[in-house]
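Participant: dropping the sequence and predicted coords here.
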Amino acid sequence: MADYETITVEQRDAVTLITLNRPQALNALNSQVLEDLIGAFAAYEGDPGQRCAVLTGAGDKAFAAGADIKEMADKPAADFYLDDFFARWTSDLVKKVRKPWIAAVNGFALGGGCELAMMADFIVASDKARFGQPEINLGVAPGMGGSQRLTRAVGKAKAMEMCLTGRMMGAEEAERSGLVAHVFPHENLLEKALEIAATIASKPPMAAIANKEMVNAAFETTLDQGLIIERRIFQILTASEDKAEGMAAFIEKREGKWKGR
Ligand code: CAA
């Protein structure tokens, strides 16, 4: 398995565990983290034996405390613009990963850290997790999707309030507001996230990609278009070997054996 500078990657059966590993900087996201994550997610995506991934942060304190402020502090504005800074988080990380992945938020998820967590298919959090878009305190604003994904997740009132005040939201409020799927006691978070990932990994993998694709379509389309996308994907899946196996296994009262096609 490839070696990375800023993350660690482990395979636990069919689950890939990716850990942001700059605890001394609260796992702040610099350009090397982006390169490493793109590499690790591409390896995950390309490995047919890997069926779900979990992304978490090293250390007891942070998932990621944001984009690396020290890297951005002296960067000329023209470089941000000409490099289309932050674009690759969406183009290379989110759009190219069709297989499922979960963010296990173990502490601060601020700025780019909150935005990275929201790029996941869903978030599970420890009871110590804190989410926020504090960029306003630095004289800037979210740049990796926070104004869009947070608003879609929690609605305009809370998203606007959090962006304008820089307030952090605790785990319980985040679950109540729809940002987080489940909250677990801090010490059990990783075990629980891996358990959920193992459940997803045990499902027919092509159907997992299809389910992800259609739920994501709900954020990009009108209801009418989304319903068409849903029906077409459903109809395509009926031609799969896993559909034949899944329905036969149900009728024969046994576990299905998936081919992934
Ligand atoms: N970038 C770079 N370094 C960071 C960092 C970041 N986002 N967040 C924390 N660190 C570093 C600190 O500089 C410190 O390093 P040193 O020991 O070398 O000084 C180390 O991590 C520990 O941090 P603190 O001493 O500040 O820890 P704390 O417990 O007192 O506070 C915190 C924790 C409230 C999370 C605080 O670190 C903080 O406010 N961090 C910045 C949060 C932030 O503003 N994030 C948004 C960044 S901008 C962005 O993300 C843009 C975007 O939309 C993509």
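Facilitator: Cool, the structure landed.

Participant: and the protein, which residues reach the ligand?
Facilitator: By the rule CB under 6 Å from any ligand atom, the part of the chain lying against the ligand is 25-26, 28, 65-70, 86, 108, 110-112, 115, 134-135, 138, 142-144, 146. Bear in mind the C-beta positions are built from the backbone N, C-alpha and C, glycine included.

Participant: ok, 5 Å please
Facilitator: Contact residues (CB under 5 Å from any ligand atom) of the chain with the ligand: 25-26, 28, 65-70, 108, 110-112, 134-135, 142-144.

Participant: below-threshold pLDDT in the chain: ranges please.
Facilitator: Along the chain, segments meeting pLDDT under 70 are nowhere present.

Participant: can you rerun that using 90?
Facilitator: The chain contains residues with pLDDT under 90 at 1-2, 90-95.

Participant: got the domain boundaries for it?
Facilitator: Split into domains by automatic domain parsing, the chain comes to 7-201, 205-251.

Participant: returning to that earlier point: buried subset of the residues of the chain next to the ligand?
Facilitator: By neighbour count, with 16 or more other CB atoms under 10 Å, those hold 25-26, 28, 65-69, 108, 110-112, 134-135, 142-144 as buried.

Participant: what segments of this protein are helices?
Facilitator: 31-46, 69-72, 77-82, 87-88, 112-119, 151-154, 156-165, 171-176, 189-201, 205-217, 223-237, 241-251 (DSSP state H).

Participant: and those, which is most packed in?
Facilitator: helix 112-119 (a mean of 28; mean count of other CB atoms under 10 Å).

Participant: need the contact partners of that one.
Facilitator: Helix 112-119 has contacts (CB atoms under 8 Å, 6 or more residues apart in numbering) with 27-29, 55, 57, 62-67, 86, 89-90, 93-94, 103, 105, 109, 123, 131-133, 142-146, 149-150, 153, 179.

Participant: same question, stretch 90-100
Facilitator: Under CB under 8 Å, 6+ apart, the answer for stretch 90-100 is 34, 37-38, 41-42, 44-45, 50-53, 119, 121, 144-145, 200, 205, 208-209, 212-213.

Participant: still on that earlier bit, for A14, which of the helices of the chain is the nearest?
Facilitator: Checking these against A14 by CB to CB gives helix 189-201 as the closest, at 4.0 Å.

Participant: angle of the closest one against helix 205-217?
Facilitator: With axes from the mean of the first three to the mean of the last three CA atoms, to 10 degrees applied, the angle from helix 189-201 to helix 205-217 works out at 110 degrees.
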